[in-house]
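**Q** Return a 3D structure for these sequence lines:
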Amino acid sequence: MNDQNITPTTETTASVAATPLRCLIGAIISGGMGYAVYSLMIAIATTFAKKPIHSNNELVIKITSAVRTLVVGIVALGSGIFAIVAIGLFALGVQLLLQNFTKAKNS
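**A** A predicted model of the protein is given here:
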């Protein structure tokens, strides 16, 4: 139980500056992933619509409907989050680009 042999670890955090190009690339990646998740959501919803529930039990029908709604809803939420991130990154890139132009004019 002697801690003399343990070397202390130092955490170094390197902050990377945001640039308009990085923001644009991130927005394109996020937008592409958002579109992919949206396409997946459409495929899931279409599959659920083509396969009706075959049961006479009302409880089974309600639970199945709830599960299908939750699955489509969660995938839609993921698609929406990727879309919002893409819009935010694009707006940040535009903001940084405008800041660079105003700094260049003021200098």
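
**Q** Give me the secondary structure label for residue 67.
**A** Here residue 67 is recorded as helix under DSSP: H, G, I helix; E, B strand; the rest coil.

**Q** How about the contacts made by it?
**A** Residues near residue 67 by C-beta atoms under 8 Å, 6 or more residues apart in numbering: none. In short, each C-beta sits where N, CA and C put it, glycine included.

**Q** ditto for the one 5 residues further on
**A** By C-beta under 8 Å, 6+ apart, residue 72 lies in contact with 41, 44-45, 48.

**Q** and if you look at residue 69?
**A** Contacts of residue 69 by C-beta under 8 Å, 6+ apart: none found.

**Q** ok, back up a step: most neighbours of all the contacts of residue 72, which one?
**A** Highest neighbour count within the contacts of residue 72: residue 41, with 20 neighbours (other C-beta atoms under 10 Å).

**Q** Model confidence score at that one, please.
**A** On the pLDDT scale, residue 41 is placed at 96.

**Q** Please give the element, helix or strand, for it.
**A** Secondary structure from DSSP states H and E places residue 41 in helix 20-50.

**Q** What helices and strands are in contact with that helix?
**A** Packing contacts for helix 20-50, counted by 3 or more C-beta pairs under 8 Å, 6 or more residues apart in numbering; DSSP states H and E, involve helix 58-106.

**Q** Quick one: distance of the helix it packs on to the chain centre.
**A** 6 Å (C-alpha atoms, centre = their mean, to the nearest Å).

**Q** And stretch 50-69, by the same measure?
**A** Worked out by C-alpha atoms, centre = their mean, stretch 50-69 lies 30 Å from the chain centre.

**Q** Next one: the spatially most central residue of the chain, what pLDDT does it get?
**A** Central residue of the chain (C-alpha atoms, centre = their mean): residue 82, 3.3 Å from the mean position. Here, the pLDDT recorded for residue 82 equals 97.

**Q** For it, which non-adjacent residue is spatially closest?
**A** Leaving out its chain neighbours, the residue that sits closest to residue 82 by C-beta to C-beta, 6 or more residues apart in numbering is residue 34, at 3.2 Å.

**Q** so who does that neighbour touch?
**A** 79-83, 85-86.
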